[in-house]
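# next comes the sequence, and after it the predicted model I'd like to discuss.
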Amino acid sequence: MLHTYSGETISFDIIYKKRKSMSISIDLYGKIEVQAPKDTPEKDVLQSVEEKWDWIQQKIKEMRDRSSGPKKKVYDHGESFLYLGNEYPIQVSQDITIKQDYVVFEEDKLQIIVKQLEDEKIKQALKRFYYQQCKLLVERSIKSYQSHFKMKPKSIRISDNNTNWGTCDFKQQLTFNWKLAMAPQQVIDYVVVHEMCHMVHLNHDRSFWRLVGKIMPDYKKQENWLALSSWKMTV
């Protein structure tokens, strides 16, 4: 079905089922599906779609952005970067007296102070900020979930590994990707729990996933965030 509202037209399928309420879902390919109770009037379906219009448009935009891949970053005022799951604009300042470039998170922006106003200097300052924050956030999460485990990590490292969000070796040494600082705290917690569970079960067998689910019942929600948003986690 096609429907136009607020100057935009979308296409969606209506599935009538034995259920009590309506739901709207959008899959990874942008297909929109409305599930409605049997005998629901079409006008009620359209009203429900219009009530969710802004959400639908936002999801469609996210899918288009994801399919086109990450845009090249500009290291200047107003460019936005992810931190703890939210986008924040950067504000760049020069201070030739500082010993090392640095970044400060100031509630509504990322303040970057550099000795030289060069893109590479700004980029490296951001990366250093994410490395430092990732270490702090991961350590806080490990401390929070340690009570679920008898053994403790032997060491905690932050790395530039582009293939894994985290790893755990047979010596209980945990390593985490610095880009995790861009994810929401719940997602960081999930990756931490995932790797800590590998201290008990080194492979991904049923026992491993049972332990993950016992500690974090909504872990699939966090996996889904990474699957849908990891393309944006870039500097």
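Thanks, I have it. Because the structure is predicted, anything quoted here is derived from the model rather than measured.
# apart from its neighbours in sequence, what residue is nearest Gln94?
Spatially, and ignoring its direct neighbours in sequence, Gln94 is nearest to Leu117 (5.2 Å; Cβ to Cβ, 6 or more residues apart in numbering). From N, CA and C alone the C-beta is placed, and that goes for glycine too.
# hang on, that neighbour is in a helix, isn't it?
No: with DSSP: H, G, I helix; E, B strand; the rest coil as the criterion, Leu117 is coil rather than part of a helix.
# pull up the gap between it and Val104, please.
Using Cβ to Cβ, to the nearest Å, one obtains 17 Å as the distance from Leu117 to Val104.
# next: Gln94.
Going from Gln94 to Val104 by Cβ to Cβ gives 15 Å.
# all strands for the chain, in order.
Along the chain, the segments classed as strands by DSSP state E run 2-5, 8-17, 23-26, 32-37, 80-83, 86-94, 102-105, 110-114, 155-159, 166-168, 173-177.
# ok, which of those comes nearest Asp44?
strand 32-37 (7.7 Å; Cβ to Cβ).
# that closest one vs strand 8-17, what angle?
Angle, strand 32-37 to strand 8-17, by axes from the mean of the first three to the mean of the last three Cα atoms, to 10 degrees: 40 degrees.
# who's in contact with strand 32-37?
Contact with strand 32-37 is made by 10-27, 44-45, 48-49, 56, as judged by Cβ atoms under 8 Å, 6 or more residues apart in numbering.
# rerun at 10 Å
Here strand 32-37 makes contact (Cβ atoms under 10 Å, 6 or more residues apart in numbering) with 1, 3, 10-27, 40, 42, 44-46, 48-49, 52, 56, 59-60.
# what mean pLDDT does that strand have?
Strand 32-37 carries an average pLDDT of 92.
# surely Ile188 is in contact with Trp178?
No: counting by Cβ atoms under 10 Å, Ile188 stays clear of Trp178, with 11.6 Å between them.
# and for those two, which residues touch both?
134, 138.
# measure the nearest residue to Phe176 once chain neighbours are set aside to Val191 for me?
Nearest-residue entry for Phe176: Gly166, 4.7 Å, with adjacent residues in sequence omitted and distances by Cβ to Cβ, 6+ apart. Between Gly166 and Val191 the computed distance is 5 Å (Cβ to Cβ).
# great, nothing more from me.
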